[in-house]
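Peer 1: Generate coordinates for the sequence data below:
(chains A, B and C)
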Amino acid sequence: MDILLSDLAAALDARLEGKGDIAITGAAEPAAAGPGDLALAMQPAYAEGLRTGRARAAVMWDGADWQSHGLEAALFVPRPRYAMAGITRALDPGAAVAPGIHSAAVIDPTAEIGEGAAIGPLAVIGPRVRIGARAVICPHVSVAEDSVIGDDVLLCAGARIGRRVTLGDRVIVQPGAAIGGDGFSFVTPEKSAVENVRESLGDRQETRNTAWTRIHSLGGVEIGDDVEIGANSTVDSGTIRATRIGRGTKIDNLVQIGHNVQIGEDCLLCGLVGIAGSTRIGNRVVLAGQVGVNDNITIGDDVVAGGASKIFTKVPAGRVILGSPAVEMSTQMEINKGLRRLPRLYRDVAALKKAVQKPGESD
Amino acid sequence: MDILLSDLAAALDARLEGKGDIAITGAAEPAAAGPGDLALAMQPAYAEGLRTGRARAAVMWDGADWQSHGLEAALFVPRPRYAMAGITRALDPGAAVAPGIHSAAVIDPTAEIGEGAAIGPLAVIGPRVRIGARAVICPHVSVAEDSVIGDDVLLCAGARIGRRVTLGDRVIVQPGAAIGGDGFSFVTPEKSAVENVRESLGDRQETRNTAWTRIHSLGGVEIGDDVEIGANSTVDSGTIRATRIGRGTKIDNLVQIGHNVQIGEDCLLCGLVGIAGSTRIGNRVVLAGQVGVNDNITIGDDVVAGGASKIFTKVPAGRVILGSPAVEMSTQMEINKGLRRLPRLYRDVAALKKAVQKPGESD
Amino acid sequence: MDILLSDLAAALDARLEGKGDIAITGAAEPAAAGPGDLALAMQPAYAEGLRTGRARAAVMWDGADWQSHGLEAALFVPRPRYAMAGITRALDPGAAVAPGIHSAAVIDPTAEIGEGAAIGPLAVIGPRVRIGARAVICPHVSVAEDSVIGDDVLLCAGARIGRRVTLGDRVIVQPGAAIGGDGFSFVTPEKSAVENVRESLGDRQETRNTAWTRIHSLGGVEIGDDVEIGANSTVDSGTIRATRIGRGTKIDNLVQIGHNVQIGEDCLLCGLVGIAGSTRIGNRVVLAGQVGVNDNITIGDDVVAGGASKIFTKVPAGRVILGSPAVEMSTQMEINKGLRRLPRLYRDVAALKKAVQKPGESD
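Peer 2: Next up, the predicted model:
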């Protein structure tokens, strides 16, 4: 992927100083940059790296004197972290799947393939599937019966799209993610030990589970525009209505979304998060890595949950939470401080008991 | 999938009132139901939905006056949650894989394929594999050498069955699950830092790990009848004897079962559970989401562990546990209450210290 | 896989007593052993098993009188656990993939395949890929453009190797693992709620997240010699430099390694571990199951973290840690003891308050 520095400047809305006709083929940390690389020197700490690297051009910190660093050109951007999006997008050649249908793909005759779509080798497209325009389907992807894939979607290698799944436009599914597997939904003929434990908060009332009978998943999955699903993540089909993920939500690797879950827009769910069945999550919610969310609860808009928080009960909108069970982050910080001082507290209380004990008494 | 309401009633052992000859093509919440859908109105709260939806028939709460809701027929069932199993099973058309062997499947000449089995496109069946009668093998499934798949098994898209794996009858493996990968079993020529830390509970005695040598996995996996394994879950091969999962046990998505683990019958293991190597789990055990279980321990029959419990030591049969480290659920509830009041406890103790301090003393 | 007992003894550097010309075809626990199996009787507890089993030869505990157990031969080894590595390696026939390129594999004409490599059915090898000598590529594996696979590598069924991934020699990738997916890296045009929460430790300052813009992953992944990656684990591509895993490190199933992470040599990462983006992990680090590691922190050499530890901040070299948040293991043990006694502590403090309260006061 080649791009002229002046074109990159325009794409980033960046200020260009120096030569604009340098062909940029990659991006690199300053010390590792070759002559085709744009050096990423957004902080003065990178000055030394510029000296040892071989970049001709760099994105630089505000006010940097690029000429003194031996560069031929420099870009200046208002928010460096945001500029990374534009720079990496410009330099990404995209997946190497040729437009059209590879001869080793298996396409059901009833499937409809959109204009300009690229279907890689050994993909399997099932009955009545509709693939959007310019969608890219990498090797070993399967799309099962009656599913609809939007325009400009990218399905990476080995992604599994089950039946009755709808993906909006520009959705990205990373390798091995499984969307539309059956929900984990089983029932016993009589009330089960689990139902009793949940109702009584711990007392099992002498019940035993008997054999589990399966509730089938007919509801499918609906995923909005601009959603991304991480590698080997799983999103289960709903029972009779769809499991839903709202527009713009981004899901990391190895995340589990249970059946019937409803997730809002513009959320971030980090690696190894688990959301149990039928839970509702608002808009702009952020769940850090390994967060767990109970079934059948509601998480309000704009909630932020710190790493490994375990959420057992409803969380009001706007709350910032942490811990297991998750409480407000400031409360958890107090609890953590208290935990570290716990051995000392026991010593203090023992001393107090001794101090107030009247002569002749014993504990 | 079409079914007459009268046939559905018979399948569910439900009481039918009204017209039995309505063709049912799906199930839906009352408000979303179309004329072919059976509305699921098991509670009076759904009455309003029946008014706005277009269902002709519904499953209704006990004593409901179906005619007043504009319906032509109604079903009444003793345990609504259990009825969901029968309703969804009746309406599930099953995986769209045609009986016989797809021309784009790759079958080793030494494999035996059972009568009525359906092998989808791009499945790979290895040497000496035996596939049971009426088994359904979806696209991109692989079954490695010497494995045996029971009758009426369903292997969903991209399921990975390794060598020396035995699956009982009616087993379901969801998309991307990997059964029979190699166990995580490594050893150092001399005693490793890990072995020392475990023996001393924290003191590493100045040892350092050196390079790890692999213990190969020869034992395979044995899975009983009616087991279900969730999407992208992993079950490792045993070392010299099989890793075993007992009849009727259901495993959710992204669950890790280590090598040599023995799991009993009719258990439920929810999403993101991890069971470390050589642990034994009894019958009817329920592990909620993100539970972790140490290696080489025993969990008794009928144990129920709440969400995100971390089980470090042996658990007796029948125990209901919670927390990290997991303790009895009632104890954990007390601990959680204590944690929330911890800052106040510190203030109380500080005040007590001040109160009992004799004049002239200082802390 | 057949091996003469005398050859096995030589491979293990074991002392052989009795007949060396017995053909060994497997290994088994003594009670389950057939006449071709080597019985693993490394402890006297197995004596009884030897009586009921049918093994002709056994690996025995030090000083065992093998003839009295009806055996024809015995092996004696200095470290039985280490001997398991040699025994299982000798008896492992390896993956059943024939050398050469299967006719149903799809190989890009620009790919280079090393001498003696075995490429199984329905594997896809992309543009400019280089596959090392004697590498074994199982069914349904995909290797994307510009990746380099070392000599003697084993890629198990359905492994996903993305673009710009380099695997050293003798690397093993278990089924379904995804290496080189895109990093979970998103940015908002203005500072996001997450950035504010992190800076303020909880105070969100009224910001709301807006739509997330993607930072593309161009850096790929570099994996050293002798690394093993578990089933369905995920290792994301770096942004502009590679995510790196050092020589000899072993990674279990369902482990998530974020973008830009740097992991040292000879580490062990157990099942369901998650390492967030840009974190650096030293050499010989051991992370037990379900451990979580924050982004952008450093874990020193030789750190050992117990099961389900959640590591939020930098850990110095050599530390043995446990808990959430993780602290030194001995400290956590004290905290856990304190937690179990917490209800009693509250009662003690209540009693103390009563005892020091002057008559007429109330709480």
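Peer 1: what ranges do the strands span in the stretch 251-363 of chain A?
Peer 2: Listed from the start of the chain, the stretch 251-363 of chain A has strands (DSSP state E, counting those that start in this stretch) covering A:256-257, A:262-263, A:268-269, A:274-275, A:280-281, A:286-287, A:292-293, A:298-299, A:304-305, A:310-311, A:320-322, A:327-328.
Peer 1: by contact count, what packs against the fourth one?
Peer 2: This points to strand A:274-275. Contact analysis of strand A:274-275 by 3 or more C-beta pairs under 8 Å, 6 or more residues apart in numbering or on different chains; DSSP states H and E lists strand A:256-257, strand A:292-293 as its packing neighbours. Just so you know, the C-beta spots here come from the backbone N, C-alpha and C atoms, and that holds for glycine as well.
Peer 1: which neighbours does it have in its sheet, and in what orientation?
Peer 2: Using DSSP bridges, strand A:274-275 pairs in its sheet with strand A:256-257 (parallel), strand A:292-293 (parallel).
Peer 1: Make CSV out of these and add mean pLDDT, mean neighbour count and distance to C:Ala105.
Peer 2: Conversion of these to CSV gives the following (pLDDT from 0 to 100; neighbours: other C-beta atoms under 10 Å in any protein chain shown; distance: least, C-beta to C-beta, whole Å):
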stretch, mean pLDDT, mean neighbour count, distance to C:Ala105
strand A:256-257, 98, 30, 33
strand A:292-293, 98, 28, 41
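Peer 1: Can you convert these into JSON lines and add a column each for distance to B:Asp226?
Peer 2: Shown next, in JSON lines, are these (distance: least, C-beta to C-beta, whole Å):
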{"stretch": "strand A:256-257", "distance to B:Asp226": "23"}
{"stretch": "strand A:292-293", "distance to B:Asp226": "28"}
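Peer 1: ok, and for the worst-scoring helix or strand of chain A on mean pLDDT, which residues are buried?
Peer 2: Of the helices and strands making up chain A, the lowest-confidence element is helix A:193-200, at a mean of 75, by mean pLDDT, DSSP states H and E. If you call a residue buried by 16 or more other C-beta atoms under 10 Å in any protein chain shown, then helix A:193-200 has these buried ones: A:Ala193, A:Val194, A:Asn196, A:Val197.
Peer 1: Kindly report the same for stretch A:64-74.
Peer 2: Per 16+ other C-beta under 10 Å, stretch A:64-74 contains these buried residues: A:Ala64, A:Trp66, A:His69, A:Leu71, A:Ala73, A:Ala74.
Peer 1: now for those, which pair is the farthest apart?
Peer 2: Using C-beta to C-beta, those span at most 12.2 Å, a distance reached by A:Ala64 and A:Ala73.
Peer 1: Local confidence estimate at A:Ser362?
Peer 2: At A:Ser362 the predicted local distance difference test score is 53.
Peer 1: and if you look at A:Gln357?
Peer 2: The pLDDT attached to A:Gln357 in the predicted structure is 77.
Peer 1: before we move on, back to that, out of the helices and strands packed on strand A:274-275, which comes closest to B:Gly219?
Peer 2: Ranking these by proximity to B:Gly219 (C-beta to C-beta) places strand A:256-257 first, at 28.1 Å.
Peer 1: what residues does the stretch 1-150 of chain A put near chain B?
Peer 2: With C-beta under 8 Å from any C-beta of the partner chain as the criterion, the stretch 1-150 of chain A comes near chain B at residues A:Val106, A:Leu122, A:Val124, A:Gly126, A:Pro127, A:His140, A:Ser142, A:Ala144, A:Glu145.
Peer 1: Restricted to buried residues, select the residues you listed in PyMOL.
Peer 2: Provided next is the PyMOL selection string for whichever of the residues of the stretch 1-150 of chain A next to chain B are buried by 16+ other C-beta under 10 Å:
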select buried, chain A and resi 106+122+124+126+140+142+144+145
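Peer 1: Which of the residues of the stretch 1-150 of chain A next to chain B fall within strands?
Peer 2: Counted as lying in strands by DSSP state E, out of the residues of the stretch 1-150 of chain A next to chain B, are A:Val106, A:Val124, A:Ser142.
Peer 1: A:Ala10: neighbouring residues, count only.
Peer 2: For A:Ala10, the count of nearby residues is 12 (other C-beta atoms under 10 Å in any protein chain shown).
Peer 1: Any stretches of the stretch 101-250 of chain A with poor pLDDT?
Peer 2: In the predicted model, the stretch 101-250 of chain A carries pLDDT under 70 at residues A:201-209.
Peer 1: Spell out which residues of the stretch 101-250 of chain A are next to chain C.
Peer 2: A:102, A:104, A:120-122, A:138-140, A:156-158, A:172, A:174-176, A:226, A:228, A:230-232, A:248, A:250.
Peer 1: What separation do you get for A:Ala242 and chain B?
Peer 2: Using C-beta to the nearest C-beta, to the nearest Å, one obtains 10 Å as the distance from A:Ala242 to chain B.
Peer 1: quick one, what contacts that residue?
Peer 2: Neighbouring residues of A:Ala242 by C-beta atoms under 8 Å, 6 or more residues apart in numbering or on different chains: A:Arg164, A:Thr166, A:Gly219, A:Gly220, A:Val221, A:Glu222.
Peer 1: For those, work out which two are farthest apart.
Peer 2: Comparing the members of the contacts of A:Ala242, the greatest separation, given C-beta to C-beta, is between A:Thr166 and A:Gly219, at 11.3 Å.
Peer 1: Same drill for those two, tell me which one is more crowded.
Peer 2: Neighbours were tallied for A:Thr166 and for A:Gly219 using other C-beta under 10 Å; the higher tally belongs to A:Gly219 (25 against 20).
Peer 1: Please name the residues that touch the more buried one.
Peer 2: A:Gly219 neighbours (C-beta under 8 Å, 6+ apart): A:Arg164, A:Ser237, A:Gly238, A:Thr239, A:Ile240, A:Arg241, A:Ala242, A:Thr243, A:His259, A:Asn260.
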